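Undergrad: I need the structure of the sequence given here:
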Amino acid sequence: MGERLQTFAGEDVPLYLARAWAEQTRQSLKDCRDRRRTYIALDRAYERGEIWESGYEVTEDQVNRAVRAVWTSEVLLVISAWTLDVWMTKLYRARRRKKRTENAQLNQLRNALMHLDSGEIDEEAAFVAANPKNSRSKHGLGALPDGGLSVGVDLGFSVDSKLFGILTLDEIEALAAELIDELNQEFDDLMQSMVAFMQER
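TA: Next up is the predicted model:
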């Protein structure tokens, strides 16, 4: 049997996991912004033939690595924020509160990313489209506005560009901040209840 996740009662595992994913979402947001800025700076230096911090000119390989770092950080951010949203719902259920609505766009993106391997790859456009058999599906790639996802970064990419053309970092940050505020209050209430319980013993 594995180690316990925490010292709280079993019913508070949803709170523990929601807090864990809230913290990870915050970190993922920071990583995403940092990697976007790094890519933009590298790409600009490469185009201009400028000397980078290393003392050498930027290579195409460095730019390509930065593109991959941006793309994977965006995927991880979507998964992290989606998982936070899901655990908030489970926390509501554990507390017997009224049903909450999860973010539909996050859910769409997460499903699309999980089904990316079943899509049709367009090498020239660096685009993965929904498999023709599932192009009208309400889940996966077929549910997205363009019927698929771009791989890499588009022309005109900036720190404020939308994640896969759907959500901005600011929108995810606002969602996460709202959930984190709620979690902090939930945690404070739990601590106060535990203190009151110990004082009554």
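
Undergrad: Mind jotting down where the helices sit in this protein?
TA: Secondary structure of the chain (DSSP state H): helices located at 13-48, 60-94, 104-114, 169-200.

Undergrad: now for the first one, which elements pack on it?
TA: Spelled out, that is helix 13-48. Where contact means 3 or more CB pairs under 8 Å, 6 or more residues apart in numbering; DSSP states H and E, helix 13-48 is packed against helix 60-94, helix 169-200. Quick note: C-beta positions are derived from backbone N, CA and C, even for glycine.

Undergrad: thinking again about what came up before, how about CSV for the helices of the chain, with mean neighbour count added?
TA: Output for the helices of the chain, formatted as CSV (neighbours: other CB atoms under 10 Å):
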stretch, mean neighbour count
helix 13-48, 18
helix 60-94, 19
helix 104-114, 19
helix 169-200, 14
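
Undergrad: residues making contact with stretch 168-183?
TA: With contact meaning CB atoms under 8 Å, 6 or more residues apart in numbering, stretch 168-183 is reached by 15, 18-19, 22, 25-26, 29, 32-33, 77, 81, 84-85, 88, 103, 106, 159-163.

Undergrad: oh, I was asking about stretch 45-58
TA: With contacts defined as CB under 8 Å, 6+ apart, stretch 45-58 is touched by Leu42, Arg44, Thr59, Glu60, Gln62, Val63.

Undergrad: which among these gets closest to Ala126?
TA: Taking CB to CB as the measure, Ala126 lies nearest Val63 of those, at 14.5 Å.

Undergrad: Check the gap between that closest one and Ala177 for me.
TA: 32 Å (CB to CB, to the nearest Å).

Undergrad: for Ile121, same thing?
TA: Ile121 is 36 Å from Ala177, by CB to CB.

Undergrad: List the backbone torsions phi and psi for the residue nearest to Leu141 when sequence neighbours are not counted.
TA: Spatial nearest neighbour of Leu141, excluding adjacent residues (CB to CB, 6 or more residues apart in numbering): Ala130 at 3.8 Å. The phi and psi values for Ala130, taken as degrees, to the nearest 10, are phi -60, psi 140.

Undergrad: how many neighbours does Ala130 have?
TA: 24 (other CB atoms under 10 Å).

Undergrad: Next up, the contacts around it.
TA: Gly119, Glu120, Ser137, Gly140, Leu141, Gly142, Leu144, Gly147, Gly148.

Undergrad: Among the residues you listed, name the buried ones.
TA: Gly119, Gly140, Leu141, Gly142, Leu144, Gly147, Gly148 (16 or more other CB atoms under 10 Å).

Undergrad: Those residues into TSV, with extra columns for pLDDT and distance to Arg93?
TA: Output for the buried ones among the contacts of Ala130, formatted as TSV (pLDDT from 0 to 100; distance: CB to CB, whole Å):
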residue	pLDDT	distance to Arg93
Gly119	89	33
Gly140	81	26
Leu141	87	29
Gly142	83	29
Leu144	86	28
Gly147	85	33
Gly148	88	33
